[in-house]
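*Asks:* Here is my input; please provide its structure:
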Amino acid sequence: MKTLRKALDQLSIDYDEKKIDKLLLFYEEIINSSKNFNLTSLKSWDDIRNTLFIRSLRYAYLINNEFSHINFLKNNKLKILDLGTGAGIPSIPIKILYPNMNLFLAEASKKKCEFLAKVSEKLQLNNVYIHNQRAEILGQSESRESFDLIITRALAKLPTLAELTIPLSKVGGVIITAKGDYPSKEIAESKFITSKLGITNNISKKINIPTFLPEDNFIIWEKTAKSPPEYPRRDGIPKKKPIIN
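*Replies:* Okay, the predicted model is just below:
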């Protein structure tokens, strides 16, 4: 646990032993469930700690530094969505460290949603709401333009991601996703659709702490106008036919 504690210190994230224990329990649940269905290909504590936990907590570091005036992670009146969350990444590690956050999880796989429900109960995580829905359906539901913050990891390339996430954000809301290497081509390809959906600027921030992990380049969109009602398009179309101009 020494490496995990050191990483939390470097990311300026407060913790206690109860939270450390919950991260360990989350790891055990991931390992046990991965024996039964395709939850993650990672098998060791080191890999899961580094790739799923610490790199997820880089989001918290970024949010706390760039949006300290909004206080996303400590204000339970704000709605935070993890879209296409899979095993609960990146949001469950963040939720463990910031238990007051108001978290919504959206995942198309029923098995993964069952895993998320079981984990939320075992870890005694309050204010967690699970949507077993595709992003395209959620984006045309009553949840449209209702979220203050949307986070994703490894969900899609940026032009597709824009269509799936931006319609779910409130005007004034924020969308954050992490890429490994700086995605210059994806950023260029996404500028047309992000502008069309209500984003004025494509912002990027590099995070390379803790330094023993590969760097992440975070893409940040701040929504300034409502999205046209025809987006997102129907199931599968944003990925098959991304809007690139």
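*Asks:* For the chain, which segments count as strands?
*Replies:* 80-83, 103-106, 128-131, 147-153, 169-179, 199-207, 216-223 (DSSP state E).
*Asks:* Could you tell me the average pLDDT over the last one, please?
*Replies:* Right, the one you point to is strand 216-223. When pLDDT is averaged over strand 216-223, the result is 98.
*Asks:* what do you get for the first one?
*Replies:* In this model, strand 80-83 has a mean pLDDT of 98.
*Asks:* Export it to PDB, keeping only CA atoms.
*Replies:* C-alpha atoms of strand 80-83 as PDB (Å, rounded to 0.1, in the frame of the first residue of the first chain):
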ATOM      1  CA  ILE A  80     -21.700  13.700 -11.900                       C
ATOM      2  CA  LEU A  81     -22.100  11.100 -14.700                       C
ATOM      3  CA  ASP A  82     -19.500   8.400 -15.600                       C
ATOM      4  CA  LEU A  83     -20.600   7.400 -19.100                       C
END
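*Asks:* possible to save the strands of the chain as TSV with distance to residue 73?
*Replies:* Where you see a C-beta, it was placed from the backbone N, CA and C, and this is true even at glycine. TSV is the format used below for the strands of the chain (distance: least, C-beta to C-beta, whole Å):
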stretch	distance to residue 73
strand 80-83	8
strand 103-106	10
strand 128-131	14
strand 147-153	9
strand 169-179	12
strand 199-207	16
strand 216-223	15
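*Asks:* tell me the contacts of residue 26?
*Replies:* 53, 88, 92-93, 96, 119, 123 (C-beta atoms under 8 Å, 6 or more residues apart in numbering).
*Asks:* Which single one of the residues you listed is nearest to residue 61?
*Replies:* Comparing those against residue 61 with C-beta to C-beta places residue 93 closest, at 12.0 Å.
*Asks:* right, and residue 168 touches residue 140 too?
*Replies:* No - assessed by C-beta atoms under 8 Å, residue 168 is found out of contact with residue 140, at 9.9 Å.
*Asks:* More neighbours: these two, which one.
*Replies:* Shown here are residue 168 and residue 140; by other C-beta atoms under 10 Å, residue 168 has more neighbours (27 against 17).
*Asks:* From residue 152, how far out is the more buried one?
*Replies:* Residue 168 sits at a distance of 11 Å from residue 152 (criterion: C-beta to C-beta, to the nearest Å).
*Asks:* Give the residues shared as contacts by these two.
*Replies:* Counting by C-beta under 8 Å, 6+ apart, the residues touching both residue 168 and residue 152 are residue 83.
*Asks:* biggest helix in this protein by residues?
*Replies:* When the chain is scanned for its longest helix (criterion: DSSP state H), the result is helix 17-34.
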